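Trainee: What follows is a predicted structure for the sequence shown.
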Amino acid sequence: MTLKELLLQEINSTPNEQIEDLFGFVKSLKAPTKTPLATYRELLERIDYLEAIVGIRKGLDEFDQGKGIPAEQALATLQQKLSIPPRP
């Protein structure tokens, strides 16, 4: 799936309250009450949030399709890769 398709899928499955909140934010960009830097930071935070949601849902979908690995196996691999000593 392309990023565009993932975003459209995410928008379709997002509750209306969150979509309305996002539209409210976009409308607030018209008002000159905030500094451009504050508006830009807020926009980046919202984009980061939406990207995280898309990534989590994509990962869960892949896991449901049998493409994932169990958490214990993933943690063991990271432990070996990063040379993390075992817990006592």
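Mentor: Great, that's in hand.
Trainee: now the end-to-end length of stretch 63-74.
Mentor: Here the two ends of stretch 63-74 are set 13 Å apart, with distance taken as CA to CA, to the nearest Å.
Trainee: Would you state the helices of the chain in chain order?
Mentor: Taking DSSP state H as the test, the helices found in the chain are 3-13, 16-28, 36-64, 71-81.
Trainee: Please report the average pLDDT across the last one, rounded to a whole number.
Mentor: Meaning helix 71-81. Averaged across helix 71-81, pLDDT comes to 90.
Trainee: Pull the residues that contact that helix.
Mentor: Outside helix 71-81, the residues within contact range by CB atoms under 8 Å, 6 or more residues apart in numbering are Ile84, Pro86. Quick note: C-beta positions are derived from backbone N, CA and C, even for glycine.
Trainee: Could you count how many residues lie near Glu51?
Mentor: Per other CB atoms under 10 Å, the neighbour tally for Glu51 reads 14.
Trainee: So the residue nearest the centre of the chain versus Ser83, what's the distance?
Mentor: Centroid-nearest residue in the chain: Ala52, 1.1 Å away (criterion: CA atoms, centre = their mean). In this structure, Ala52 lies at 28 Å from Ser83, with CB to CB, to the nearest Å as the measure.
Trainee: Next: Glu17.
Mentor: Taking CB to CB, one finds Glu17 at 45 Å from Ser83.
Trainee: Could you do Leu43 as well?
Mentor: Separation of Leu43 from Ser83 (CB to CB): 39 Å.
Trainee: Between those two, which is the more surrounded one?
Mentor: Taking other CB under 10 Å, Leu43 and Ser83 do not tie; Leu43 has more neighbours (13 against 6).
Trainee: Just the pLDDT at that one, thanks.
Mentor: According to the per-residue confidence, Leu43 scores 84 in pLDDT.
Trainee: One more: Pro32?
Mentor: Per-residue confidence (pLDDT) for Pro32: 67.
Trainee: quick one: the least confident helix or strand in the chain by mean pLDDT to helix 36-64, angle?
Mentor: Sorting the helices and strands of the chain by mean pLDDT, DSSP states H and E puts helix 16-28 at the bottom, at a mean of 77. Going by axes from the mean of the first three to the mean of the last three CA atoms, to 10 degrees, helix 16-28 is angled at 150 degrees with respect to helix 36-64.
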